[in-house]
Structure formats: C-alpha cells, structure tokens
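Chemist: Based on what follows, work out the 3D shape:
(chains A and B)
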Number of protein chains: 2
Amino acid sequence: MIQVLLVHESCLLRSALAALIRAEPDIDVTASSWRDARSRARSLQPHVCVVDTDFAGSDGPCRKGELKKIVSAASGEHGDCGLLVLASAGRPGPLRRAHEAQALGYIDMNAPPQRLLDGIRHVARKERFVDDSLGYGFLQAAEIPLTQRELGVLSLAADGASIAEIARTLHLSNGTIRNYLAAITRKTGARNRVDAIRISHAEGWV
Amino acid sequence: MIQVLLVHESCLLRSALAALIRAEPDIDVTASSWRDARSRARSLQPHVCVVDTDFAGSDGPCRKGELKKIVSAASGEHGDCGLLVLASAGRPGPLRRAHEAQALGYIDMNAPPQRLLDGIRHVARKERFVDDSLGYGFLQAAEIPLTQRELGVLSLAADGASIAEIARTLHLSNGTIRNYLAAITRKTGARNRVDAIRISHAEGWV
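Modeler: Reported below is the predicted structural model:
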C-alpha cells in the first residue's frame, strides 16, 4: 500500500483530490494544509508527498527551503520519501524550487487525473515522472535571468519596500539598490520597476 | 436530477471536484475550463453553475461581466440558472464581482466538501447559501476604498504602464494621473505606488 501525504492550501480542493486518490485500491492518502504539512509528514512517514506549488502564502512553497523540510520530515526509518509536485507550465519559479528540492515527479495542473495516479506510483518506486507539457516551463526555469541577490531585491520591492528600506534591510547603499533595480528592469525586458515586478509575479520568480 | 456546470481552470482540480459531486445520487455534473464555459453553459442549460473565482487569467471571472454572461448563457427555456461561487475569505474583489453577477451561493475554498454539496442543492432550489467564514470578506468587499476610475488607473499601473501611458490611454493629463495615484496610495494606506499595487493584488481588487 502506497502512503501519500497530499499538501494543498484549500480544504475543498485537497479533499476532492484526496477522494480521487483514495478510490485507487493500492494508494492511501492523508491531506494537509501547508501549515500542518511538516508535522503530518513526521507522524505519517509517507512514501510520497504530493504538493501543490501554486500557493504563495507565507507557510507555502515560496518560503525558502520549505519543500525540502517537508520531504526531510517525511523521510525516516523506511528510507526516503519521494516528492511529486503539481505545477503550472507558465510559472517557472515553482518548477525551479521543486527542482532544487529534488522532486522526482512533476504533474501539470492541467493534466487529466490519471496522470496524477500514474505519477504517484512512479515516484513511490523512486522513478522520475515528468509531464511533457511542463517542458517549456522547465526551459524557462533554467533561464530565470536574475541572480539570487537580484531576486532578493526584487522580492523586497514587490512587498512595497522603498529603496531606502531595501538598502537598510540588505545592509547596502541606496545607490547600489538603485543599480540593482536598473539591472533587474533591463534584464527582465520590463518598461519600468512596476513592470518588472508584474513580470516576476506572472512567471512565479518571487 | 440537478444538472451542474462546474467551471475551474485546472483540469486536474475540476476533475477531482467533479468526481466528488458526481458521487451524489441526485447531482450530475459537467466540468469546463473558463474558455469553454459559455458554450458549455449554452448547450447544457444547467440548473446550477459552480465557478471558481480565484483564476485571474484573461478568460476568467476578472473579465468584466464574464460571470453574468455565463449565467445568462446557461439560463434558457427551463428558467434561470443559479450561480454558486467558490471564493476565498481574504479576497474581496472576486466576492464583489460574484455579488454583482447576483450569485446565490458562496462557498469558502477552505470549507469541507459537504458544504459544496449542500450549497448546490440550495441554489438549485433558488435559495441563498453563504458560508459564514466569508462574512468578513463581504464586509471588505463593501469597503473597497477606491472608485471605479481609481481602480482603472491602478489596474493600468499594475500592468506596468507609465504615467504618460496611463494618461494617453484614459485621455487625461499626466498631472491628473499623478493625482489619482497619490489618492490611491493614501486611500489604500500604502507606503508607495508599488505597495498600493501589491495591496490591491492581495485583496483581489484588480
């Protein structure tokens, strides 16, 4: 019996996905919000973690290292837990974070349900499983044009921080932050700083 | 038998929700993407449309009047189709748009699945059905602090348009747009223009 921990922020949607998975004779599933995911992973020790990467809240996959922490909490005596992510083709940021967390499986949110069930069985056998339709998203993920430092500056700017506030937070001068923001605008092909933030949100970079 | 049209952008999630609904003996369901929703509504003539309001794409509920158009396409010979929306408590914008489209039912995305099934049955009988947990969201929806004109300016700014571009689009002077943006920043309690855009995205206003 394959034990699955399913992480999705919406109770309605994770219940629906769990019912779909539970109908299979060889898979058992427990559903969790992002906030409870690590403690559920620790107590359940599932073979596979299925996580929705589109949630942008403070508990979710955007928090640095959160995906890795859940997989690590889920991996115990019986060995490693495999990570299977639900992702969207147009959002390379979540794909990159999933890759950094060494996800084995990648299911397109637009795939039919059978793909999810197949993906769970592959990942439970430690086999890679990637939806073809995510291929272009992976290409984009490999090509995020900004450095980690630039992503950090952009993320603070997107939160509404002023140049002076960003400079204070990162212990840099105002002029340096201005240079970073100019480079970010240029490298993203944006019209201005607000446009750079819009592009980075749409692509899921920050 | 209650006929339901379910509109959700993700094939995986709408299939899971549809399976959950279809397991009920008295409800039949057809699932659709946003793009196909109107034509499906027209051919199916469902008693209830269940729509996810969180999708922000160009086919979706953010497009002016789209919710109303789907309900109108679904309402035919047998009478009016009832609208039931899936909504998040923290996003007053979609709640307001659903209210404008005269939705009868409002289900919290964080509710257990039984609420959705109860909601469908109530709306099929033309009865109002509102999740208590959305109450605060409704209060916020009534209190969006910006005028339609200010929302229009903010929406263009959020798309990355410069002051000159916004002015040209709306046939106003640069100074007038600057005044609007200052008013928007003040009324939203934002630190600056980027912060005002962040707040309005988070609340689902634009």
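
Chemist: Check the secondary structure at the residue nearest to A:Arg191 when sequence neighbours are not counted for me.
Modeler: Distances taken as Cβ to Cβ, 6 or more residues apart in numbering or on different chains place B:Gly160 nearest to A:Arg191, at 5.2 Å, with adjacent residues excluded. C-beta: built from backbone N, CA, C; applies to glycine. The three-state label given to B:Gly160 by DSSP: H, G, I helix; E, B strand; the rest coil is coil.

Chemist: Distance check, B:Gly160 against B:Ile166.
Modeler: From B:Gly160 over to B:Ile166 the distance is 10 Å, taken as Cβ to Cβ, to the nearest Å.

Chemist: more neighbours, the two?
Modeler: B:Ile166 (23 against 18; other Cβ atoms under 10 Å in any protein chain shown).

Chemist: quick one: contacts for the more buried one?
Modeler: By Cβ atoms under 8 Å, 6 or more residues apart in numbering or on different chains, B:Ile166 lies in contact with B:Val153, B:Leu156, B:Ala157, B:Leu172, B:Ile177.

Chemist: Give me the buried positions along the helix or strand of chain A with the lowest mean pLDDT.
Modeler: Every helix and strand of chain A was ranked by mean pLDDT, DSSP states H and E. The lowest is helix A:135-142, at a mean of 74. Buried residues in helix A:135-142, counted by 16 or more other Cβ atoms under 10 Å in any protein chain shown: A:Gly137, A:Phe138, A:Gln140, A:Ala141.

Chemist: For the second one, give its distance to chain B.
Modeler: Counting by Cβ to the nearest Cβ, to the nearest Å, the gap from A:Phe138 to chain B is 18 Å.

Chemist: secondary structure class for the residue located most distally from the centre of chain A?
Modeler: Going by Cα atoms, centre = their mean, the residue of chain A most distant from its centre is A:Gly175, 32.6 Å out. Secondary structure state of A:Gly175, per three-state DSSP, is helix.

Chemist: Then A:Val51?
Modeler: Counting by three-state DSSP, the backbone at A:Val51 sits in strand.

Chemist: Quick one: the helices in chain A, in order.
Modeler: Secondary structure of chain A by DSSP state H: the helices cover A:11-22, A:37-44, A:66-74, A:92-100, A:113-124, A:135-142, A:148-158, A:163-170, A:174-187, A:193-203.

Chemist: What residues does chain A have near chain B?
Modeler: Contact residues (Cβ under 8 Å from any Cβ of the partner chain) of chain A with chain B: A:10-13, A:15-17, A:19-20, A:23, A:86, A:88, A:107-113, A:115-116, A:157-162, A:190-199, A:201.

Chemist: Now, of these, which are buried?
Modeler: By 16+ other Cβ under 10 Å, the residues of chain A next to chain B give A:10-13, A:15-17, A:19-20, A:86, A:88, A:107-111, A:113, A:115-116, A:157-162, A:190-199, A:201 as buried.

Chemist: rewinding a little: with the buried residues of helix A:135-142 in mind, which one is nearest to B:Arg40?
Modeler: Of all these, B:Arg40 sits closest to A:Gly137, with 27.4 Å by Cβ to Cβ.

Chemist: wait, what's in contact with that closest one?
Modeler: A:Gly137 sits next to A:Ala87, A:Ser88, A:Ala89, A:Gly90, A:Arg91, A:Pro92, A:Leu95 when contact means Cβ under 8 Å, 6+ apart.

Chemist: Narrow the residues you listed to those that are buried.
Modeler: With burial judged by 16+ other Cβ under 10 Å, the buried subset of the contacts of A:Gly137 is A:Ala87, A:Ser88, A:Ala89, A:Arg91, A:Pro92, A:Leu95.

Chemist: what separates the first one from chain B, distance-wise?
Modeler: If I follow you right, that is A:Ala87. Separation of A:Ala87 from chain B (Cβ to the nearest Cβ) stands at 11 Å.

Chemist: For that residue, give the beta-bridge partners.
Modeler: A:Ala87 has these beta-bridge partners by DSSP bridges: A:Asp108.

Chemist: Is it in contact with A:His99, as I believe?
Modeler: No - with contacts defined as Cβ atoms under 8 Å, A:Ala87 does not count as touching A:His99, sitting 10.2 Å away.

Chemist: picking that back up, mind checking the backbone torsions on the residue nearest to A:Arg191?
Modeler: phi 100, psi 10 (degrees, to the nearest 10).

Chemist: Return the distance of it relative to A:Arg178.
Modeler: 19 Å.

Chemist: Likewise for A:Pro113?
Modeler: Relative to A:Arg178, A:Pro113 is positioned 49 Å away (Cβ to Cβ).

Chemist: okay, how far is it across stretch A:139-151, tip to tip?
Modeler: Terminal residues of stretch A:139-151 lie 18 Å apart, using Cα to Cα, to the nearest Å.

Chemist: Other residues contacting that stretch?
Modeler: A:92-93, A:95-96, A:99, A:154, A:180, A:183-184, A:187-188, A:200, A:203, A:205-206.

Chemist: Drop anything exposed from these.
Modeler: Applying 16+ other Cβ under 10 Å to those, the neighbour count classes A:92-93, A:95-96, A:99, A:154, A:180, A:183-184, A:188, A:200, A:203, A:205-206 as buried.
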